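>>> turn this into a structure:
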Amino acid sequence: MRHDRFCRVLASVIPFVFTAAASAQSPLDKLDPNKIPALERFDWHPKELVGILGEHRGRQGHAVYAVAFHPDGKRVASAGANGIIRLWDAKTLRQEVMWGAHSVGASGLAFFPDGKTLASCGYDGRVVLWDLTMTPPKMKSFAQEGSAGLYAVAVTPKADLVAAAGADTTIYVWDVTDEGLKKRPALQSHTGAVHGLDFSADGKTLASAGADETIRLWNVGKDSIRERESLRGHTKSVLCVAYAPDGTLVSGSMDQFVRFWDVSGTTARPKGFLQGKNGYVYSVAFGPKASKLLATGNSDNTILLWNIGPPPVLKAVLQGHVNVVQSVALPSKGTATTLISGGADWTVRSWDIAAAKPKERAVPKGPLSHVYGLDFSPDGKLAATGGYERVLRLWEFGGPEAKERNPYTKDPLLVHSVVWSPKGKMLAYAGQDTAVRLFEAETRFESKRLPGHPSHVTFMAFSKDAGRLVTASKEEIRVFDVDKGKELQAFKGHTKYVSGVAFAPDGQRVLSGAGGYKLNKDGKIMYEKGLPVYEDCTVRLWDIESGKEIWQFKDIADPVLSVAMAPGGKQFYAGAQDSMLRQWKWDGDAPSAVNKQNPGRGYIYHTAYSPDGKWLVIVGSDGNVALLDAATGKTVRHWLFPELRYRAFFAPDSRHLAVPVATGAVYILRLEERR
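Numbers count the residues shown, from 1 in each chain. This next block holds a predicted model:
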């Protein structure tokens with residue numbers, strides 16, 4: 001499926017031909033693009049792609065709030081905290097199409113019966129109808145209900161009404177007309193947020209689930225909707241509600257119970273209950289009537305699959321998600337052979353429930369979510385990745401495909417930075433706490449821990465001789481003796497977030513960049529002429545022995561987002577939020593500015609030199625990765641990636657580049673062939 005808007009590989013912007021590079025053979029030279037699985041091949045892939053760490057399959061790119069089967073039973077939609085909706089093949093989870101649907105989390109999904117329209121709602125307070133006959137889907141109609149988040153959306157079987165509700169306790173209802181959504185009077189009875197909605201099979205009743213511990217039934221008339229009754233039985237917030245094929249109403253709650261309600265008479269009555277294992281019931285879903293299947297998604301990371309009988313029998317406990325299961329879906333027609341789940345672990349998963357022992361069709365490989373930190377070992381045989389999923393992963397090169405070693409999960413940590421010692425034996429990683437771990441890669445033994453940072457550590461770099469490590473944490477920069485595990489120096493001067501650090505080749509001086517909002521005495525952002533004011537937007541050089549600043553460049557109005565020091569130390573670059581790339585020459589005295597340009601990439605989030613000093617890579621807020629001639633700053637080539645995560649990393653051979661994307665996959669590009 002084509003993603004022309006997001007992913008078209010762009011041609012070179014100046015005439016340039018890559019030539020074969022005369023260099024030693026690298027383990028990455030053996031990567032064979034023909035070994036990339038068919039499920040992971042997309043037409044937007046750049047021609048330089050030779051390998052993938054991990055996979056795109058089933059990755060939402062953020063927490064999954066909702067999943068829903070298409071009426072054809074062959075496709076499934078997912079919606080996530082990133083505001084993106086994706087359509088997948090239900091069995092293989094190969095993505096068919098994705099699009100940005102909501103400015104803040106996409107939280108609810110409901111297909112129209114003909115499968116040509118999808119309704120979605122989001123934390124941006126919008127309900128949107130999407131035309132699925134277009135690729136990517138186009139907006140047909142929308143309604144904006146203030147800024148309060150919407151959590152659930154439902155469509156009548158005749159597709160003549162849409163309902164949505166959320167944080168503000170109100171249920172909104174619209175008639176579906178040729179002119180768009182026509183609003184009806186809002187329904188107000190719940191005294192807490194409304195988490196779930198469902199229409200009965202005849203469309204005459206709307207059920208709503210609320211944080212006020214009630215389920216409310218609403219009689220749906222041609223011109224009006226009136227509350228019929230309130231059902232009580234749950235002792236905590238009711239998170240979901242759904243009608244069974246036989247008309248029974250089912251609800252799930254934070255009290256860990258699933259309750260059944262007979263709503264066939266004039267007054268509803270309890271019909272029974274099921275108790276979950278050890279968690280909230282976030283979602284309930286039924287299969288076709290003949291299947292007698294009920295699935296629940298739970299806060300203990302499990303899915304419970306029941307045969308509702310009577311009597312109810314627990315058929316299977318499905319385990320695989322590593323965080324809360326927030327949504328489950330079963331096909332409404334045909335034979336229920338597949339169950340789909342979506343979790344706070346950022347994954348959509350497909351389960352074979354026709355087997356005697358239901359199981360996941362394919363266990364996810366590689367990172368489940370964003371990779372923030374990546375580095376190659378000096379010999380290029382290994383790469384380490386870490387990120388949001390709190391797992392440190394090691395990858396081996398030397399064959400046609402990269403192979404993952406057993407991931408390191410003993411010390412779960414959101415990893416911001418991973419750097420390999422130039423000697424190749426030690427790996428430093430750090431993240432969402434105040435310590436840096438020094439890790440023996442081969443033995444998986446943590447040899448040292450460098451504590452005491454004021455906040456999480458975001459950037460690190462080793463000196464060329466591997467004897468020193470520099471770290472950045474909030475506005476502080478520290479230098480450590482690696483062998484002794486002792487702090488050598490703490491640089492004081494930055495007053496805002498340090499966005500990058502790098503050693504000079506002599507290991508005696510450190511380059512840094514910073515910048516952040518200027519705050520008033522109440523801690524609020526200051527504005528001038530409607531724009532935020534920034535301070536400490538500087539590039540600085542520091543002397544380790546004295547601990548003093550030796551140079552500062554402050555003629556920048558916006559935060560510096562990245563810095564990069566040339567391997568030979570003769571020049572360095574800084575990228576900033578003003579979209580400018582600045583270049584300095586440095587002969588050991590005061591640096592001299594030689595170039596300032598706008599490469600047309602938006603904010604410049606990342607800059608990095610190739611190890612041979614030939615190339616500079618920059619990553620912009622517009623999703624572009626650009627390769628520049630490091631000496632001149634001229635763009636050689638650039639690529640536009642979908643959902644780029646704003647960093648790129650050179651391999652030691654300077655001929656391969658690793659580019660992480662939001663879904664957790666890391667793309668390996670071959671920039672030059674070895675000669």
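
>>> alpha carbons only for contacts and neighbour counts from here, please
Fine.

>>> which residues in the stretch 201-350 of the chain form helices?
For the stretch 201-350 of the chain, applying DSSP state H, counting those that start in this stretch gives no helices.

>>> same question, the chain
All helices of the chain, identified by DSSP state H, fall at 4-7.

>>> show me the shaky parts of it.
Applying pLDDT under 70 to the chain flags the ranges 1-23, 675.

>>> how close does the most far-flung residue of it relative to its centre sit to residue 229?
Ranked by distance from the centre of the chain (Cα atoms, centre = their mean), the top residue is residue 266, with 46.9 Å. Residue 266 sits 10 Å away from residue 229, going by Cα to Cα, to the nearest Å.

>>> please apply the same query to residue 547.
72 Å.

>>> got a list of what the residue farthest from the centre of the chain touches?
For residue 266, the contact set (Cα atoms under 8 Å, 6 or more residues apart in numbering) is empty.

>>> ok, the closest residue to residue 250 other than its chain neighbours - contacts?
Distances taken as Cα to Cα, 6 or more residues apart in numbering put residue 260 closest to residue 250, at 4.7 Å, once the chain neighbours are dropped. Residue 260 makes contact with 248-251, 270-273, according to Cα under 8 Å, 6+ apart.

>>> nearest to residue 507 among those?
Set against residue 507, the nearest of the contacts of residue 260 by Cα to Cα is residue 251 (63.0 Å).

>>> now that closest one. Nearest residue, chain neighbours left out?
residue 241 (4.3 Å).

>>> what's near enough to touch that neighbour?
So residue 241 contacts 196-198, 207-209, 215, 249-252, 283-284 (Cα under 8 Å, 6+ apart).

>>> my guess is residue 605 contacts residue 623, does it?
No: contact criterion Cα atoms under 8 Å: residue 605 and residue 623 do not qualify, at 10.2 Å.

>>> which neighbours do these two share?
Joint contacts of residue 605 and residue 623 (Cα under 8 Å, 6+ apart) are residue 646.

>>> who has more neighbours, those two?
Neighbours per residue, other Cα atoms under 10 Å: of residue 605 and residue 623, the larger number sits with residue 605, 23 against 20.

>>> please tell me how far the residue nearest to residue 251 sits from residue 555.
Between residue 241 and residue 555 the computed distance is 58 Å (Cα to Cα).

>>> also residue 71?
Residue 71 is 59 Å from residue 555, by Cα to Cα.

>>> the two: which is more packed in?
residue 71 (17 against 9).

>>> just give the nearest non-adjacent residue to the more buried one, would you?
Using Cα to Cα, 6+ apart, the nearest residue to residue 71 is residue 115, at 5.7 Å.

>>> do the same with residue 433
residue 456 (4.7 Å).

>>> next, that neighbour: phi, psi?
phi -60, psi 150 (degrees, to the nearest 10).

>>> give me the neighbour count for it.
So residue 456, with other Cα under 10 Å, has 19 neighbours.

>>> list the contacts of it.
430-435, 473-474.

>>> who wins for neighbours among these?
residue 430 (28 neighbours).

>>> show me what that residue is bridged to.
For residue 430, the beta-bridge partners are residue 417, residue 436 (DSSP bridges).

>>> where's it relative to residue 647, distance?
Taken as Cα to Cα, the span from residue 430 to residue 647 is 17 Å.

>>> before we move on, what about residue 367?
16 Å.

>>> then residue 312?
51 Å.

>>> spit out the contact partners of the closest residue to residue 565 other than its chain neighbours.
Computed as Cα to Cα, 6+ apart, the closest residue to residue 565 that is not its neighbour in sequence is residue 572, at 4.4 Å. Applying Cα under 8 Å, 6+ apart, we find residue 572 in contact with 563-566, 583-586.

>>> filter those residues to the buried ones?
For those, a burial check counting by 16 or more other Cα atoms under 10 Å picks out 563-566, 583-585.

>>> looking at the residues you listed, which is nearest residue 26?
Distances from residue 26 to the buried ones among the contacts of residue 572, taken by Cα to Cα, are shortest for residue 566, at 21.8 Å.

>>> returning to that earlier point: strands - which of the contacts of residue 241 land there?
If you go by DSSP state E, the contacts of residue 241 have 196-198, 207-209, 215, 249-252, 283-284 in strands.

>>> who are the contact partners of residue 128?
Contacts of residue 128 (Cα under 8 Å, 6+ apart): 119-121, 139-143.

>>> apologies, that question was intended for residue 423.
Residue 423 neighbours (Cα under 8 Å, 6+ apart): 378, 465-466.

>>> distance of it from residue 282?
Relative to residue 282, and taking Cα to Cα, residue 423 is found at 49 Å.
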